[in-house]
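Q: Here you go, sequence then predicted model.
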Amino acid sequence: MATLTASAPRTALPTVLRNRAAQKLLLLALAAAVLVPLANARWASGAWPDALTVDLTEPLTRTSDWIIDNRDSHPLFLYFFGHVSNAVVVSVRAVYLLLLAAGWAGVTAAGALIAWRVAGVRLALGTAAAFLTCGLLGMWIPTMQTLALMVAAVLASVAVGALLGLAAGLSDRMDRVLRPVLDTMQVLPAFAYLLPVVLVFGIGVPAAVLATVVYAAPPMARLTALGLRGADKEVLEAVESLGSTARQRLLTARIPLARKELLLGLNQTIMMALSMAVIASVIGGGGLGDRVYQALASVDVGAALAAGIPIVLLAVVLDRVTGAAGEQRGDGRKALWAYGAVAALAIALAARLAGRVDWPDAWTVAIADPVNRAVDWMTAHLYSGVPVVGGTADWAAHFTTWVLDPVRDGLQWLPWWSVLLIVAALAWLIGTWRTALTAVLAMAAIGVLGVWDSSLDTLSQVLAAVAVTLVLGFATGIAAARSDRVERLLRPVLDVFQTMPQFVYLIPVVALFGVGRAPAVAAAVVYALPAVVRITAQGLRQVDPAALESARSLGATPAQQLRQVQLPLARRALLLALNQGVVLVLAVVIIGGLVGGGALGYDVVFGLAQGDLATGLVAGAAIVCLGLMLDRVTQPTERRAKKGA
């Protein structure tokens, strides 16, 4: 009897109390019961208190004025930043002059040669067609400007990323130091990198290249460290047993074994550099991005599309070539490279002797006017007044009225302390108390900066876009996971969409929806959708077949298998899809400030355009905090543990 009474308390405890999530919910309820009345009594109005706001306008203005006044005289600028700036200008100009000297025929032949040797004849023909299309669209010179900018930025990004990755791969201490830095850099929107470099280097090519390097170097660093740390230990032990030094082991074993990760890092760096090189046109990068930016500013969709197509073609070609290089194994036929190089050189010389270095004007096809006429037709027939369904302008207006406005007004109506409590609760439920603390501090920093309402406006756009993205992405991903035919049909579409730079997505939405917050959300949805679809489909396809077979043997229908087996077992992949969707949506919602998205994106664009660096820097810092908070709130604990954050 004593044994029964002694064991009774253990079995009588509710099972819920043993559940970690339930314990967190209980503690959160107790904390809310104590904190909410206290906060409501102290800050009943709910608006962010002025006493907790720090006005940085004056110190930032003084700092920016000091930097501008001392750029030409202070030793830091003369002997460090000045040399960096000059080196960037010289590098970009050297590459640009080399491309111009090779001419359109030489550049096309060289690109086709590299694609042929890396991936075969089909990709070589595709590469040649891509370069020729750039010329046909009248964008050869801007394409070469963008290519020169990107070559210099990629080389610098690869060098910086490889050095950081080498340090992190060989040193545990350096790995622990760099990991949170790289994690944070990878969740920040690209726009957040523009203002700091503008403050130091001013508007121009050096600022554009260095902003691109800061944005594109982290993938190279992370994948380099991953490859070095993942090298086969047995091979390393065998090399060490032969008496090799640490340097010899690095050069003869670690780096060759990490070849695939290094080339994947190169691929990711190139794609991010191209995306950033286009965005950097806002700060004087020139090239194709500048054409797109100027066309969007004047709502000239035809001119924007003419410059956007070469960007997409460059992205697709570079993605395919570097992706194929990662899978290629050396075949030793170096003579083919030599013959191909001679052939490309001969073509370039022949074009120069024939006076065909520059792309002939007669070979140019102007698409701006036909595209603008098509846009005018869509405006007249699809923009509004369509029977029954209404037009795209009606959809945008309804989405703004029924979704964006209520979400924004609801967030701004909530007391500031309740927003912090909600953020803490969500972050703690999905992560740890450190995660919750980081998220709350990031959100509180937004209030301290004095941009609380603007940040909540941006947050409302992000939440609306993420909701639409998840509904469409999960539905499409489930269809792709359950049907091989759907997966095959979607694969090329997703490949193209995932290689398109962020800027390009603004072109079609401006044509269809005009300007405003709804077009910014639409562009964000289209940009984030491919990643959500792909991660969802992959997660569902990797569910243990034995679990599905067991469910079928018990008579479960396909819908029951999906709800009760596949979705629960794919939880980590679905949370990862959510996290990636949030990060990608935020990146484009911020760029939506260029097409009337308002809020923080508008503040950044205004600061860049008007030289009001105080406004722009505060908005940029708020974007950083918002991105960090959203990443922590949506990042599953398992993934964070793997990353070591």
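A: Okay, I see it.
Q: use CA for all of it now, contacts and neighbours both
A: Will do.
Q: what's in contact with stretch 530-541?
A: Residues external to stretch 530-541 that are found in contact with it (C-alpha atoms under 8 Å, 6 or more residues apart in numbering): 469-470, 473-474, 476-482, 494, 497-498, 566-567, 570, 572-574, 576-578, 580-581.
Q: next one: stretch 442-457
A: The set of residues that contact stretch 442-457 without belonging to it, under C-alpha under 8 Å, 6+ apart, is 48, 52-56, 408, 411-412, 420, 599-600, 618-619, 622-623, 625-626, 628-629.
Q: average model confidence for that stretch?
A: The average pLDDT within stretch 442-457 is 88.
Q: quick one on the thing from earlier: which members of the contacts of stretch 442-457 are classed as buried?
A: Taking 16 or more other C-alpha atoms under 10 Å as the criterion, what is buried in the contacts of stretch 442-457 is 48, 53, 56, 408, 411-412, 420, 599-600, 618-619, 622-623, 625-626, 628-629.
Q: In contact with Leu136, which residues?
A: Trp363, Thr364, Val365.
Q: Is it correct that the second one is in contact with Leu137?
A: Yes: judged on C-alpha atoms under 8 Å, Thr364 makes contact with Leu137 at a distance of 5.8 Å.
Q: Between the contacts of Leu136, identify the one with the most neighbours.
A: The member of these that has the most neighbours, counting by other C-alpha atoms under 10 Å, is Thr364 with 16 neighbours.
Q: which residues touch it?
A: By C-alpha under 8 Å, 6+ apart, the residues touching Thr364 are Gly135, Leu136, Leu137, Gly138.
Q: can you put the residues you listed in JSON lines and add distance to Val462?
A: Putting these into JSON lines (distance: C-alpha to C-alpha, whole Å) gives the following:
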{"residue": "Gly135", "distance to Val462": "38"}
{"residue": "Leu136", "distance to Val462": "38"}
{"residue": "Leu137", "distance to Val462": "35"}
{"residue": "Gly138", "distance to Val462": "36"}
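Q: Show me which of the residues you listed is closest to Asp175.
A: Distance to Asp175 across the contacts of Thr364 (C-alpha to C-alpha) is lowest for Gly135, with 45.3 Å.
Q: Quickly find the element holding the closest one.
A: Per DSSP states H and E, Gly135 falls inside helix 121-136.
Q: Name the residues of that helix that are buried.
A: By neighbour count with 16+ other C-alpha under 10 Å, helix 121-136 contains the buried residues Leu123, Ala124, Gly126, Thr127, Ala128, Ala130, Phe131, Leu132, Thr133, Cys134, Gly135, Leu136.
Q: Output the below-cut-off pLDDT ranges for the stretch 51-200 of the chain.
A: Under the criterion pLDDT under 70, the flagged ranges of the stretch 51-200 of the chain are 186-190, 192.
Q: Flag the shaky bits of the stretch 201-350 of the chain, pLDDT-wise.
A: Across the stretch 201-350 of the chain, the stretches falling below the confidence threshold (pLDDT under 70) are 231-237, 239-246, 249-251, 277, 325-340.
Q: For Ala124, see how far away Ala324 is.
A: Taking C-alpha to C-alpha, to the nearest Å as the criterion, Ala324 is separated from Ala124 by 12 Å.
Q: what does Gly597 give?
A: Distance check for Gly597 against Ala124: by C-alpha to C-alpha, it reads 40 Å.
Q: Could you pull up the contacting residues of Asn86?
A: Here Asn86 is in contact with Pro206 (criterion: C-alpha under 8 Å, 6+ apart).
Q: Quick check: which element contains it?
A: Assigned by DSSP H and E, Asn86 belongs to helix 82-119.
Q: Just the angle for that helix relative to helix 121-136, thanks.
A: For helix 82-119 and helix 121-136, the angle between their directions (axes from the mean of the first three to the mean of the last three C-alpha atoms, to 10 degrees) works out to 130 degrees.
Q: Setting the sequence-adjacent residues aside, check what's closest to Trp433.
A: Taking C-alpha to C-alpha, 6 or more residues apart in numbering, and ignoring the residues beside it in sequence, Trp433 has Ala427 as its nearest neighbour in space, at 7.9 Å.
Q: number of nearby residues for Asp358?
A: Going by other C-alpha under 10 Å, the residues that sit close to Asp358 add up to 17.
Q: what do you get for Gln268?
A: In terms of burial, Gln268 registers 21 neighbours under the definition other C-alpha under 10 Å.
Q: wouldn't it be in contact with Met220 here?
A: Yes: at 7.4 Å, Gln268 and Met220 qualify as touching, with contact defined as C-alpha under 8 Å.
Q: Let me have the buried residues of helix 121-136 in a markdown table, adding distance to Pro530 as columns.
A: Formatted as a markdown table, those follow (distance: C-alpha to C-alpha, whole Å):
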| residue | distance to Pro530 |
| --- | --- |
| Leu123 | 23 |
| Ala124 | 26 |
| Gly126 | 23 |
| Thr127 | 24 |
| Ala128 | 27 |
| Ala130 | 23 |
| Phe131 | 26 |
| Leu132 | 28 |
| Thr133 | 26 |
| Cys134 | 26 |
| Gly135 | 29 |
| Leu136 | 29 |
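Q: Identify the farthest-apart pair in those.
A: In those, the most distant members under the criterion C-alpha to C-alpha are Leu123 and Leu136, with 19.5 Å between them.
Q: List the residues that contact Val375.
A: Applying C-alpha under 8 Å, 6+ apart, one finds that Val375 lies in contact with Val301, Ala511, Leu512.
Q: which other helices and strands contact whichever helix or strand the second one is part of?
A: Meaning Ala511. Element membership of Ala511 [criterion: DSSP H and E] is helix 506-513. Here helix 506-513 touches helix 301-327, helix 368-381, helix 392-399, helix 517-541, going by 3 or more C-alpha pairs under 8 Å, 6 or more residues apart in numbering; DSSP states H and E.
Q: deepest of the ones you listed, which one?
A: When neighbours are counted by mean count of other C-alpha atoms under 10 Å, the highest per-stretch mean among those falls to helix 517-541, a mean of 26.
Q: now the angle from that one to helix 506-513?
A: Put simply, helix 517-541 runs at 120 degrees to helix 506-513, going by the same axes, to 10 degrees.
Q: Buried residues of the helix or strand that helix 517-541 is followed by, list them for me.
A: Using DSSP H and E, the next helix or strand after helix 517-541 towards the C-terminus is helix 545-553. Within helix 545-553, the residues scored as buried using 16+ other C-alpha under 10 Å are Leu548, Ala551.
Q: now helix 545-553: mean pLDDT?
A: 80.
Q: From the contact counts, what lies against that helix?
A: Applying 3+ C-alpha pairs under 8 Å, 6+ apart, we find helix 545-553 packed against helix 558-561.
Q: Send me the helix it packs on as PDB with only the CA atoms.
A: Coordinates of each C-alpha in helix 558-561 appear next as PDB, following Å, rounded to 0.1, in the frame of the first residue of the first chain:
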ATOM      1  CA  PRO A 558      -4.100  10.200 -49.100                       C
ATOM      2  CA  ALA A 559      -5.500  13.200 -47.300                       C
ATOM      3  CA  GLN A 560      -5.100  11.400 -43.900                       C
ATOM      4  CA  GLN A 561      -1.500  10.400 -44.800                       C
END
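Q: Give me the buried positions along that helix.
A: Quick answer for helix 558-561 (16+ other C-alpha under 10 Å): Gln561.
Q: for the following helix or strand past it, what is the average pLDDT?
A: Reading on from helix 558-561 to the C-terminus, the next helix or strand found by DSSP H and E is helix 567-569. For helix 567-569, the mean pLDDT works out to 83.
Q: all numbers from here: first residue = 57
A: Okay, residue one is now 57; in that scheme the one you just asked about reads as helix 623-625.
Q: Would you mind pulling the contact partners of helix 623-625?
A: For helix 623-625, contacts defined as C-alpha under 8 Å, 6+ apart pick out Leu596, Val599.
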